[in-house]
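Asker: Sequence unavailable; structure follows:
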């Protein structure tokens, strides 16, 4: 797991930590910059732009460099598919991403935490591996013994108000979400360029 701090957000020029009170929102310039330097950023080369894009994606999903490079390698080696689309599918199919996208928690970092602490069930069985790949038909729910935790106070109301991607189906009565289709790039808001990431690793 990759621990994302607000300092990383400021360095990348975008909030990727998932925190509502991210420091980048108050200080939208790199750490260590003087006040007079805020508006003067160095022009990045193509390599620099691709590197920054890669870091944005990696930190957004909270994965290590080794894990991320393996995802890219898998996507690039898959015949008959668009590498960028396959990479998106692989990242969004992770259990922690699924828990976040389903509306159970407000950030991916918190999703990883509740998964690793054993609060999540997949198809009725306890699951604690954040990188687990979801399959079509898999159902996510909260472990009954965890429902008393403060983490899940007001969960029913949150799920009723949640807007989830098309690849999820929410059952607000049962407090569960079903993974009903493969994640598609065009069906989710994205602030990064996955094609640029693929090009970075193909150098």
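Answerer: Structure's in. What do you need? Just so it is clear, the structure is predicted and the values come from calculations on it, not from any experiment.
Asker: from here on, contacts and neighbour counts on C-alpha atoms
Answerer: Fine.
Asker: buried ones in stretch 73-91?
Answerer: By 16 or more other C-alpha atoms under 10 Å, the buried positions in stretch 73-91 come out as 73, 75, 76, 83, 84, 85, 86, 87, 88, 89, 90, 91.
Asker: Tell me which helix or strand comes right after the longest helix along the chain.
Answerer: With DSSP state H setting the assignment, residue counts place helix 46-61 as the longest helix in the chain. Later in the chain than helix 46-61, the nearest helix or strand by DSSP states H and E is helix 65-77.
Asker: chain center to the helix or strand harbouring residue 159: distance?
Answerer: With elements delineated by DSSP H and E, residue 159 resides in helix 155-161, which encompasses its position. Its chain's average C-alpha position is 20 Å from that of helix 155-161, according to C-alpha atoms, centre = their mean, to the nearest Å.
Asker: After it, heading C-terminal, what element do we hit next?
Answerer: Downstream of helix 155-161, the next assigned helix or strand under DSSP H and E is strand 168-171.
Asker: Who does that next one pair with, and is each partner parallel or antiparallel?
Answerer: The pairing partners recorded for strand 168-171 under DSSP bridges are strand 176-179 (antiparallel).
Asker: and for the strand it pairs with, what are the contacting residues?
Answerer: For strand 176-179, contacts defined as C-alpha atoms under 8 Å, 6 or more residues apart in numbering pick out 102, 134-142, 167-171.
Asker: Looking at these, spot the one nearest residue 201.
Answerer: Taking C-alpha to C-alpha as the measure, residue 201 sits nearest to residue 134 out of these, at 25.4 Å.
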